[in-house]
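*Asks:* Give me a model of this one.
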Amino acid sequence: MTVATKGPAYDVADLELADLGARRTEWAGREMPVLRQIRERVAKERPYEGIRIAACLHVTTETANLVQAFRDGGASVALCASNPLSTQDDAAAALVARDGISVFARKGEDRDTYFRRHRIPEEVVREDAARAGFRFLGRRPGFTRPRDAREFYFLVFERPVTP
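*Replies:* Numbers count the residues shown, from 1 in each chain. Predicted coordinates:
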């Protein structure tokens with residue numbers, strides 16, 4: 001595991017992929033005009049100032065644009081892979097090296113490595129986070145279950161407590 005002493009904590013395959021990841025992320029951003037407009041607006045308004053966001057999502061160039069929008073809006077962001085099979089190592093590297101965002105994602109990890117790397121005890125989590133989320137949210141009034149666990153991911157927002 002590689003962790004920076006100055007800058008964000010991270011565990012990605014290869015920071016040398018950051019230039020390629022930055023180019024691909026910029027291209028993806030040009031193909032998502034609505035997210036680009038939202039990013040520009042939140043960068044001006046800073047509505048997420050002082051909020052920490054932990055995201056467990058597919059780590060792709062599209063997700064990189066979403067995470068950059070949160071960061072530009074004032075949030076402190078950390079991202080981990082929800083599925084190591086879909087992780088784009090270059091996008092993960094760019095978020096760390098270019099954007100200073102903590103990322104924990106490597107393409108192709110097997111299940112045991114994924115749980116060990118993210119320090120998830122096997123006794124605590126025996127199924128993916130989406131299914132565990134269904135159990136929690138499924139008891140909430142008005143919650144509509146997505147057709148499939150792959151359609152559901154977690155974003156956790158934490159606003160600092162003020163005395």
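
*Asks:* Tell me which stretches of the chain form strands.
*Replies:* Assigned by DSSP state E, the chain shows strands spanning 10-12, 52-57, 76-81, 102-105, 154-158.

*Asks:* between those, which gets nearest to Asp19?
*Replies:* strand 10-12 (13.8 Å; C-beta to C-beta). In short, each C-beta sits where N, CA and C put it, glycine included.

*Asks:* Which other helices and strands does the closest one contact?
*Replies:* helix 89-97, strand 102-105 (3 or more C-beta pairs under 8 Å, 6 or more residues apart in numbering; DSSP states H and E).

*Asks:* Looking at the strands of the chain, which one is packed in the most?
*Replies:* Most buried of the strands of the chain by mean neighbour count (mean count of other C-beta atoms under 10 Å) is strand 102-105; its value is a mean of 26.

*Asks:* got the CA positions of it in CSV?
*Replies:* Output of strand 102-105 as CSV, limited to C-alpha atoms (Å, rounded to 0.1, in the frame of the first residue of the first chain):
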residue,chain,number,x,y,z
SER,A,102,-7.6,10.3,-1.7
VAL,A,103,-8.4,7.3,-3.9
PHE,A,104,-8.3,3.6,-2.9
ALA,A,105,-8.8,1.6,-6.1
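
*Asks:* Direction included, what does that strand pair against?
*Replies:* Partners of strand 102-105 in the sheet, by DSSP bridges, are strand 10-12 (parallel), strand 76-81 (parallel).

*Asks:* Could you work out the end-to-end span of stretch 66-77 for me?
*Replies:* 11 Å (C-alpha to C-alpha, to the nearest Å).
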